[in-house]
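Enquirer: take this sequence and fold it.
(chains A and B)
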There are 2 protein chains.
Amino acid sequence: MSAFAPVLIAGDWRASLDARAGFRAFDPISAGEIGPEFPVSGAADVEAALAAASAAATQLAACEPARIAAFLDAYAAAIEADAATLVDLAHAETALPREPRLAKVELPRTTNQLRQAAQAVRASSWTQPTLDTQAGLRSHFAPLNKPVLVFGPNNFPFAFNAIAGSDFASAIAARNPVIAKAHPSHPATSRRLAELAHRAVLDAGLPAASVQMLYHVDNALGAKLAGDARLGAIGFTGSRAGGLALKAAADAAGVPIYAEMSSVNPVFLLPGALAERGAELAQEFFASCTMGSGQFCTNPGIVIVPHGADGDAFVSATSALFANAPANVLFSQGVLDHFRRGLATLTDAGARVLAEGQADARPGYRQAPTLLGVDAQQFLAAAQALQTEVFGPASLIVRTQNIEDMIAVAQSFDGNLTGTLYTSKQSDIDEAAAAKIAQALRPRIGRLIGNKMPTGVAVSAAMNHGGPYPSTGHPGFTAVGMPAAIRRFAALHCYDNVPAALLPAELRDGNPGGMQRLIDGRWTTDDVGKKS
Amino acid sequence: MSAFAPVLIAGDWRASLDARAGFRAFDPISAGEIGPEFPVSGAADVEAALAAASAAATQLAACEPARIAAFLDAYAAAIEADAATLVDLAHAETALPREPRLAKVELPRTTNQLRQAAQAVRASSWTQPTLDTQAGLRSHFAPLNKPVLVFGPNNFPFAFNAIAGSDFASAIAARNPVIAKAHPSHPATSRRLAELAHRAVLDAGLPAASVQMLYHVDNALGAKLAGDARLGAIGFTGSRAGGLALKAAADAAGVPIYAEMSSVNPVFLLPGALAERGAELAQEFFASCTMGSGQFCTNPGIVIVPHGADGDAFVSATSALFANAPANVLFSQGVLDHFRRGLATLTDAGARVLAEGQADARPGYRQAPTLLGVDAQQFLAAAQALQTEVFGPASLIVRTQNIEDMIAVAQSFDGNLTGTLYTSKQSDIDEAAAAKIAQALRPRIGRLIGNKMPTGVAVSAAMNHGGPYPSTGHPGFTAVGMPAAIRRFAALHCYDNVPAALLPAELRDGNPGGMQRLIDGRWTTDDVGKKS
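Expert: Purely as a prediction, here's the structure:
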């Protein structure tokens, strides 16, 4: 077993207790194995991690928030200082471009997110202190006092990594220990991040087991772990099948799970927008669909385009862009297989291939970007199959006769993360139709977007990276954006007629830090009893 | 079928489409059947209600909030105007005292709750408008656009009634249609409330199917209904077994369920408090345990009492109160049977009966209040069995040798709604111990209470009537208190770079109503762009 890279359990890097097997990362460009051998953990590792995290939970919950914030800031700084190595590792394991993607976009996004979490901790903005002075009641969001299990996805080796991403930052910000289940397609990147996190934990004086990481477990053990009642909550980003299996296990144990699972992110091009800037939209759509080889949860998977000359021009321009595109490199053989099965599902349901990019016979997980098309009537007749998420560089164009068609298509969607409307910028010609389509889309999506592609997800207090089932497991929570994302990993704690000595600092009368609190129905930074 | 009372489906009172059987209410005092025969609805009623509510959902979501508030206020006024009849009906069906309980406490609480919901609607306090002007992102909580199913409990014929209580008010405040599943132990009360609600719906001009009610369905159909993906969410108050069965069905369909299920509400009497006012505490505890025949979710089911003279005096005083108490009337044969099974579970696990109230051989669901006792070591050895909720007038006294015992007992609890500490009011003698017990209790309870019994649940923005699993299904939500309770029935909606015309009123730049919004990190009533 000592042949495998060590796991981070119980505050230390140590050999897996019961590695069932080893695995290595693959270079997506060559399809060849790279890097050291990592263990597939067995039940003993899982038990050790759970026990250590449970023991650390009470201590971590009792930590001064300032210390948590210091950890988050120091970890962000350590990631920046190690950027060159991290980018090299992530590039080797994912084939994502070093620049701009990894070095200039994703890594800064990751450190920014950690720092926004630190800021939310300092300001207590995630805890929503709420006081009713007449009733003698005070409440706020507080740590779960139990560990949070985080499953990271394949597509963001930094920004959604189980040991560095939004779920990680959110769970730690709420003072819960994290058990990170890294994604096995980028184990060396995850290991490097975990080393930095571990060091920052020790430096900040947090309990050593506040942060633990396993590289891989098999599906059965993953489900067993997700169903362990010692967990306070679970964060998951990944496939619908994986998410639903974990959700079933977690639900049965009463463990809240926040699963971000799947989305086709419909984009509606209204007639005025097409007439005005169809060629530009073709470029914009093609770039969004193939960026990162299309491996985004908010990839524009379905584009709704009116029939007629402007729509035809858009489709031909887009088809040309797809046809001329080089093959994209996907993350893994699994992603490639899944992509091809998805394409087959769409074509079996009546979609036609409009354009395929260049073939590339070199080794590696290469796939030509693929544009498909279908008529609105066909789409509506097989809407379930035709809204299958095809994770990768593919989109389905749905051609509509009129606005009523667009509305009917909008009404046929399952829960999605986003829905987008492109409208004329020069006139109000699309306004009435846009309002109707927006109304049809609104209950089916988390984020309604105007005149830009859905692939950007800003880290903002007003972001919603969430949506109705089955895009996620709960329509009220976002996976991105501080402080709301932190609140997923919190319990509501109320104090009723409790002596001041037993109140947490932020619920006492005085408010020396000037945090925003809801006192007797009014948000204020005042002390209790003071009229401003 | 026309022999049965009508159900409220699809905007009208009509005969059940497929009543499987009929049932009548029982007078708990005589155990005799009273009132008309009500239908046990079959699948056709359920389908009709789901279809009508689904159709009404979009319309209701698009309603002016002012109209929703008007409905809530008008319904509250109608309940007040009909108070005499409602109190008579509820008294006949539950045997709860007309005064003070039904007329002076529960009915005013119910109307107050409806009015607080109206106020939260007018102020948009439940929607938490959050704006990021730099990123062009605006978000808020919004209607689910799907119906909410509410299961009412037996123990609050008004304040938690599926057609009038907190879940009802919360779901409607968030502009979701409600399908109420009344509790079959008070069908006539529920029918009367539904008549008032229905009339208020029509008067306010809400979609007629905004409010529907079924009296009863069998367990299998209830689970099928709870697992229908057309539902937006479910509110449930009742037994753990019932709640878990519905939760399993809802979870599998991706329907969020807020289940308030069970709690023993441990009460710790610290040595200083006992020495200071033990006799008073005995009275207070006895009153709380037997009020409403002990049929409260926040009944003090376990009381932790130190060994020694003061503890002995408390136990004898309490035992005398129990021994002299008349038999209590419970809601139903089912509650009585469940109570007796619960007592048997406790005695089988080692608890001794310390005192039993008067026997009463008259008909009716009569039960002597029962005080049980156990030593801390025995309690810890069988903590699971001994923290079985016994719904009704019973409590278990756990005797402890020292503070360490108290902490160990606190640490043995499952999730509970409340935990209470009684401490000295004259000195700080209990302070250090209280802090330790509070720390042990905190992660296991929703509400920490000081120096009063847990049976009062104020309707306040700072209340938490919720707690960790299995007291409820999610530790982050409260079933009581506006506006937080409303947020359970809401979806997070984000607008990203969306033209002003497509923004809901409360997310636009102007804020003529002066609602509180979080703009660029600061809570303010200002318009966007205005510096105050």
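
Enquirer: any weak-confidence spans in chain A?
Expert: Across chain A, the ranges flagged by pLDDT under 70 are A:1-2, A:531-532.

Enquirer: could you break it into its assigned domains?
Expert: Using automatic domain parsing, the domains assigned to chain A come out as A:7-261+A:480-486, A:267-450.

Enquirer: of all those, which gets the most neighbours per residue?
Expert: With neighbours taken as mean count of other C-beta atoms under 10 Å in any protein chain shown, the domains of chain A reach their highest mean count in domain A:7-261+A:480-486, at a mean of 22. To be clear about C-beta, it is placed using only N, CA and C from the backbone, and glycine gets the same treatment.

Enquirer: what about that domain, start to end distance?
Expert: The first and final residues of domain A:7-261+A:480-486 sit 26 Å from each other (C-alpha to C-alpha, to the nearest Å).

Enquirer: figure out how far it is from the centre of its chain.
Expert: 12 Å (C-alpha atoms, centre = their mean, to the nearest Å).

Enquirer: related to what we said a few turns ago, out of the domains of chain A, which is closest to residue B:142?
Expert: domain A:267-450 (7.7 Å; C-beta to C-beta).

Enquirer: for that closest one, measure first residue to last.
Expert: 10 Å.

Enquirer: what parts of the stretch 201-350 of chain A come near chain B?
Expert: By C-beta under 8 Å from any C-beta of the partner chain, the part of the stretch 201-350 of chain A that sits against chain B consists of A:229, A:247, A:248, A:251, A:252, A:254, A:255, A:256.

Enquirer: in JSON lines: those, plus secondary structure.
Expert: Output for those, formatted as JSON lines (DSSP: H, G, I helix; E, B strand; the rest coil):
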{"residue": "A:229", "secondary structure": "coil"}
{"residue": "A:247", "secondary structure": "helix"}
{"residue": "A:248", "secondary structure": "helix"}
{"residue": "A:251", "secondary structure": "helix"}
{"residue": "A:252", "secondary structure": "helix"}
{"residue": "A:254", "secondary structure": "coil"}
{"residue": "A:255", "secondary structure": "coil"}
{"residue": "A:256", "secondary structure": "coil"}
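
Enquirer: quick one: the helices in the stretch 301-450 of chain A, in order.
Expert: For the stretch 301-450 of chain A, the helices defined by DSSP state H, counting those that start in this stretch cover A:309-324, A:333-348, A:376-381, A:383-386, A:403-411, A:431-441.

Enquirer: ok, residues contacting the fifth one?
Expert: Read that as helix A:403-411. Here helix A:403-411 makes contact (C-beta atoms under 8 Å, 6 or more residues apart in numbering or on different chains) with A:266, A:268, A:270, A:304, A:306, A:376, A:379-380, A:398, A:400, A:419, A:433, A:436-437, A:440-441, A:444.

Enquirer: what's the answer for the shortest one, then?
Expert: Defining contact as C-beta under 8 Å, 6+ apart, one finds that helix A:383-386 is touched by A:345-346, A:348-351, A:374, A:378-379, A:396, A:412-414.

Enquirer: of all pairs in those residues, which one is the farthest apart?
Expert: So, those by C-beta to C-beta: farthest apart are A:348 and A:413, at 19.9 Å.

Enquirer: sheet partners, orientation included, of the top strand by length along chain A?
Expert: Longest strand in chain A by number of residues (criterion: DSSP state E): strand A:32-40. Sheet pairing for strand A:32-40, assigned by DSSP bridges, gives strand A:21-27 (antiparallel).

Enquirer: give me the angle between the partner strand and helix A:333-348.
Expert: Strand A:21-27 runs at 70 degrees relative to helix A:333-348, counting by axes from the mean of the first three to the mean of the last three C-alpha atoms, to 10 degrees.

Enquirer: re earlier: now the helices of the stretch 301-450 of chain A as TSV including distance to residue A:481?
Expert: Shown next, in TSV, are the helices of the stretch 301-450 of chain A (distance: least, C-beta to C-beta, whole Å):
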stretch	distance to residue A:481
helix A:309-324	31
helix A:333-348	27
helix A:376-381	32
helix A:383-386	30
helix A:403-411	25
helix A:431-441	21
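
Enquirer: compare these and give me the one nearest residue A:206.
Expert: Using C-beta to C-beta, the helices of the stretch 301-450 of chain A put helix A:333-348 closest to residue A:206, at 35.1 Å.

Enquirer: now do the closest one: everything it contacts.
Expert: With C-beta under 8 Å, 6+ apart as the contact definition, helix A:333-348 has outside contacts at A:26, A:31, A:154, A:239, A:295, A:330, A:353, A:365, A:367, A:370, A:372, A:385-386, A:388-392, A:394, A:396.

Enquirer: repeat the analysis, applying 10 Å as the threshold.
Expert: By C-beta atoms under 10 Å, 6 or more residues apart in numbering or on different chains, the residues outside helix A:333-348 that reach it are A:26, A:28, A:31, A:154-155, A:184-185, A:239, A:241, A:293-295, A:301, A:328-330, A:332, A:351-353, A:356, A:364-367, A:370, A:372, A:374, A:382, A:385-394, A:396.

Enquirer: what separates that helix from the chain centre, distance-wise?
Expert: On the basis of C-alpha atoms, centre = their mean, helix A:333-348 sits 22 Å off its chain's mean C-alpha point.

Enquirer: identify the residues contacting the closest residue to residue A:444 other than its chain neighbours.
Expert: Leaving aside its chain neighbours, residue A:444 sits nearest to residue A:413 (4.7 Å; criterion: C-beta to C-beta, 6 or more residues apart in numbering or on different chains). Going by C-beta under 10 Å, 6+ apart, residue A:413 touches A:263-266, A:302, A:383, A:387, A:419, A:440-441, A:443-445, A:468, A:471.
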